[in-house]
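Asker: pasted the sequence and its predicted model underneath.
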Amino acid sequence: MKRLITAAFLAAAATSASAEDVKLQLKWVTQSQFAGYYVAQAKGFYEEEGLNVTILPGGPDIAPTQVIAGGGADVMVDWMPAALAAREKGLPLVNIAQPFASSGMMLTCLKETGITSPADFADKTLGVWFFGNEFPFLSWMSQLGLKTDGSPGGVTVLKQGFNVDPLLQKQAACISTMTYNEYWQVIDAGIAPEDLVTFKYEDQGVATLEDGLYVLEDRLADPAFQETMVKFVRASMKGWKYAEANPDEAAMIVLENDQTGAQTETHQKRMMGEIAKLTAGSNGALDVAAAERTVASLLSGGSDPVITKAPEGAWTSVITDKALAE
Amino acid sequence: MNRALPVLTVLLGILAIWYAAAVWMNATWVFDQAERAGTTVTWAEAIPQTMAQERPLLPPPHQVGAELWKGLFGQAVTSKRSLVYHGYVTFKGTMMGFGLGIVAGVLLAMAIVRFRVMDMGLMPWAIISQTIPIVALAPMIITLSSQLGLTARDVPKAIIAAYLSFFPVLVSMVKGLRSPDQMQLDLLKTYGAGEMATFLKLRLPASMPYFFASLKVAVAASLVGTIVGELPTGAIEGLGARMLIGSQFGEPLIMWAALFAAAILAGLLIVVVGVVERLAARRMGVRA
Amino acid sequence: MSWVPAHSGWLAGALMLWLVLWAASVMLARREGRGVRLVVPVLFGLSLLVLWEGIVRAWAVAPVILPAPSVIAAKIAASGPVLWQDFAQTILKGAVPGFLIGAGAAFAVAILIDRSPFLQRGLLPVGNFVAALPIVGLAPILVMWFGFDWQSKAAVVVVMVFFPMLVNIVAGLQASERMQRDLMATWGASYLQTLLRLRLPAAMPFVFNGLKIASTLALIGAIVAEFFGSPIYGMGFRISTEVGRLGLDMVWAEIAVAALAGSVFYGLIALIERGVTFWHPSQRK
């Protein structure tokens, strides 16, 4: 036990000694959604910048915001609504880059339920992810004027697990899916696309910014940390653009990094193809208009808004300005 | 009547029920698909189809068996697709938690038996600690341990496993350390033995059967803790992580195979602990 | 996090209070009586809370990492209705019915196989083995089968509770001694009479041992199952959702409720046990 503690101290000391170590906390398990970072690592883009990057996969019980608050990571991948909500809770997160230009979130419904437009949601059961991913859904519903507490005329919300079973077992009329993942699992399960109706958040005008890079505000004041982040963002974006251009290779790199060995080539290649559509058009710099749209959407939550006031300083272009300068 | 026959009969019974349930549960899907396609199927046509689905509601035993075989023997044991490899990862976590749990359980039991205030104050809290759902604590254990500089993901896993496995050891050790009766304690007093000597020469040896009896329960609890810990804490490797990925990507076969691999591991651990228990009992002169 | 506390006053104060409480428990523990048996654990718990509060305040630990007990207490006081709704969903609808069905089914099966030594010899090793398995892994599968509401939670609890109970009841039914059974036979007692008058009462210590183990399993099962899909209330739902929202005070409030519910559950079983098995050496004073 004593040796363990000593070792831990040494490890902690070693981390603080070398400023070029970066720990990246992912939002979810290793999959093509994070291909850019794995590619940057495998292709040596981080190394070229003199960085030693450790990629920490997430999981159902890991809130990236909590990990970064506890000092377990230097930078994290998360969705803007979750980051803004955490900011209101007193955790000053700042967006330093936005590799995902568009949102991949949608509601997928069975046609047999008779749903053809959002107006038909009333009195239906809808599946949603929670754990910080419920914010875009909640603000969409309140914009539609649908109550989510199960009262008549509103919608019944169910917390869906990590798969699409609620739809397959007909426990829900619609479930949340990502264009790059769950939607294809529904298709794989043998339901034809023409038996499905999908509502993309992007098309409904309620899209919020997804996978962005966030750091703690106070650390950003340190010029050395800023310098490290500039290198990190530059290398990461190089990784993303490589992944976009070579999706199959990127998917294979992700597979090599999947330590569970349970992921399959088919899933990851297809996911990479869909992810590339979302990162397309982003050079890493945050589109301020999109960020403001996200804020507006979250603020318009009626009686129970996700955030109560517009955040200040929740994003900065300091890092991307420098990273994209050359 | 030997011992194997009844067990085999029961196992065969379970297998039969399992097959029947698989047909019954998976048939819904077959009929649904047929309806979507606008055709009809008879039961005779449906049954073979329930036996070989890719995403069955309940995979029939032979599908699970095949997947398990593939995972255990179908690849090099060092491959990350090998269930042997993941079983080993889980085994390591289980052993770390088991060790920690034993140490914590024994030390706490000693304190409880020695100090009255610990007995009265700590024992109720030890019971309460087991009513707290450990999964709820998992994220906090991860962040707190990373706060303390312990970033390795095995540490939180081992703590969760130890949290579940210390309790049976504690309860049995308290019982065991108290098992010498007054006559024996008096005898040692007449020998002029001090507290230390009484502990080493009487209480500790007397507690050993209780200790070993608790190990089976503790090792099973530790395995449960490790798997629960692998599920949410980063899902990197181990049987718990495979269950999660299997669930997320809608691959029930991966889940069931991981579940059975965990069952095999549990069986092996219990057998090994049982052998250790018997050896120890023999060495201590107890007739088995 | 720096190792030097930012507000050492809080730490010193907490340490002092902790020492006082600790000394009080030590003094009280020397006495006898029922009251002492209750007061000492409470003091012990209080002293831990004081230490926790002191540490959190002294190092100014962020509330998103570990909230202070006072903050948690305030949250509990402020969110009574939510906590009650979650409690009703998870404990009253999930854990308790599951516990009763699981224990009842185990009892029924144990009685059914009582007259067949063949089945007993077959079921006991299998039951023992299954009782040691990580049944929690079945939770996602059962949620898929039984839907997202409380039925699936109760199902998980049934499966978790059944085997430990079965093993204990079967072992308990064999606990009466040969001599006692022979005595019943000489009195011309029928199978049913022997079962009701001798063997069931003799089995009670084992049954209650099983019930105690099952009570903690029931809680864990009901809460874990909610992680894999649930309506938007329930203790497991709240815990996993609030962690994601950094509402750690709410998470701890739920944990406190879970611990309280678990302790009451356990205490009730222990109380009934005392009434039913008053004759057993472990209950004699």
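Answerer: Perfect, I can see it now.
Asker: wait, does the host helix or strand of residue B:156 contact chain C?
Answerer: Following DSSP states H and E, one finds residue B:156 within helix B:154-177. No: against chain C, helix B:154-177 shows no contacts by C-beta under 8 Å from any C-beta of the partner chain, the least distance being 9.0 Å. Where you see a C-beta, it was placed from the backbone N, CA and C, and this is true even at glycine.
Asker: same deal with stretch A:203-213?
Answerer: No: if you take C-beta under 8 Å from any C-beta as the test, stretch A:203-213 misses chain C, and the best it gets is 15.3 Å.
Asker: using CSV, write out every CA atom in that stretch.
Answerer: What follows is stretch A:203-213, C-alpha atoms only, in CSV (Å, rounded to 0.1, in the frame of the first residue of the first chain):
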residue,chain,number,x,y,z
ASP,A,203,-33.4,20.3,-39.8
GLN,A,204,-35.7,21.3,-37.0
GLY,A,205,-33.6,24.3,-36.2
VAL,A,206,-32.9,23.2,-32.7
ALA,A,207,-29.4,21.8,-33.3
THR,A,208,-26.9,22.5,-30.6
LEU,A,209,-23.1,22.2,-31.0
GLU,A,210,-21.8,18.8,-30.3
ASP,A,211,-18.2,17.5,-29.8
GLY,A,212,-16.1,20.5,-28.9
LEU,A,213,-12.9,20.8,-26.9
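Asker: in whichever strand or helix holds residue B:211, which residues are buried?
Answerer: Applying DSSP H and E as the criterion places residue B:211 in helix B:204-230. For helix B:204-230, the neighbour count (16 or more other C-beta atoms under 10 Å in any protein chain shown) marks B:204, B:206-212, B:214-230 as buried.
Asker: which residues are contacting stretch B:119-134?
Answerer: For stretch B:119-134, contacts defined as C-beta atoms under 8 Å, 6 or more residues apart in numbering or on different chains pick out B:108, B:111-113, B:160, B:163-164, B:167, B:170, B:174, B:225, B:228, C:25, C:29, C:36-37, C:40-41, C:43-45, C:48, C:215-216, C:219-220, C:223-224, C:235-236, C:239, C:255, C:258-259, C:261-263, C:265-266.
Asker: if we can go back for a sec, show me the subset of the buried residues of helix B:204-230 that also lies near chain C.
Answerer: When contact is defined as C-beta under 8 Å from any C-beta, the buried residues of helix B:204-230 meet chain C at B:216, B:217, B:220, B:223, B:224, B:227, B:228.
Asker: want to throw those residues into CSV with distance to residue A:36 and pLDDT?
Answerer: Output for these, formatted as CSV (distance: C-beta to C-beta, whole Å; pLDDT from 0 to 100):
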residue, distance to residue A:36, pLDDT
B:216, 48, 82
B:217, 47, 82
B:220, 43, 85
B:223, 37, 88
B:224, 37, 84
B:227, 32, 84
B:228, 32, 79
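Asker: regarding chain A, what is its longest helix?
Answerer: Using DSSP state H to define each element, chain A has its longest helix at helix A:223-245.
Asker: residue of the stretch 101-250 of chain B closest to chain C, please.
Answerer: residue B:131 (2.3 Å; C-beta to the nearest C-beta).
Asker: please name the nearest non-neighbouring residue to that residue.
Answerer: Using C-beta to C-beta, 6 or more residues apart in numbering or on different chains and skipping residues adjacent in sequence, the residue nearest residue B:131 is residue C:262, 2.3 Å away.
Asker: for the one you found, what is the enclosing helix or strand?
Answerer: Under the criterion of DSSP H and E, residue C:262 resides in helix C:248-276.
Asker: for chain B, which helix or strand comes out least confident on mean pLDDT?
Answerer: helix B:134-147 (a mean of 71; mean pLDDT, DSSP states H and E).
Asker: mind listing the strands for the stretch 51-200 of chain A?
Answerer: A:52-56, A:75-78, A:93-97, A:105-110, A:125-128, A:156-160, A:174-178, A:196-200 (DSSP state E, counting those that start in this stretch).
Asker: sheet-wise, list the partners of the last one with their directions.
Answerer: This points to strand A:196-200. If you go by DSSP bridges, strand A:196-200 pairs up with strand A:105-110 (antiparallel).
Asker: quick check: residue A:80 touching residue A:207?
Answerer: No: Residue A:80 lies out of contact with residue A:207 (C-beta atoms under 8 Å); the separation is 10.4 Å.
Asker: joint contacts of those two?
Answerer: Jointly contacting residue A:80 and residue A:207 under the rule C-beta under 8 Å, 6+ apart are residue A:294.
Asker: which one of these two has more residues nearby?
Answerer: residue A:80 (30 against 21; other C-beta atoms under 10 Å in any protein chain shown).
Asker: give the contact list for the more buried one.
Answerer: Counted by C-beta under 8 Å, 6+ apart, residue A:80 has contacts A:95, A:208, A:209, A:210, A:212, A:291, A:294.
Asker: write out the residues of chain A neighbouring chain C.
Answerer: A:60-61, A:63, A:65-66, A:69-71, A:82, A:85-86, A:89-91, A:130-134, A:148, A:150, A:156-163, A:165-166, A:169, A:171-172.
Asker: repeat the analysis, applying 7 Å as the threshold.
Answerer: Within chain A, the residues that sit near chain C (C-beta under 7 Å from any C-beta of the partner chain) are A:60, A:63, A:65-66, A:69-71, A:85-86, A:89-91, A:130-132, A:157-161, A:165-166, A:169, A:171.
Asker: and these, which of them are buried?
Answerer: Among these, those that count as buried by neighbour count (16+ other C-beta under 10 Å) are A:60, A:63, A:65-66, A:69-71, A:85-86, A:89, A:91, A:130-132, A:157-161, A:165-166, A:169, A:171.
Asker: go back to these and keep what's next to chain B.
Answerer: Okay, of those touching chain B (C-beta under 7 Å from any C-beta), that's A:60, A:63, A:66, A:70, A:71, A:161.
Asker: in TSV: those, plus pLDDT.
Answerer: Formatted as TSV, those follow (pLDDT from 0 to 100):
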residue	pLDDT
A:60	70
A:63	78
A:66	80
A:70	76
A:71	78
A:161	73
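Asker: list just the nearest of these to chain C.
Answerer: Nearest member of these to chain C, counting by C-beta to the nearest C-beta, is residue A:161, at 4.1 Å.
Asker: check contacts around that closest one.
Answerer: B:247, C:140, C:143, C:228, C:229 (C-beta atoms under 7 Å, 6 or more residues apart in numbering or on different chains).
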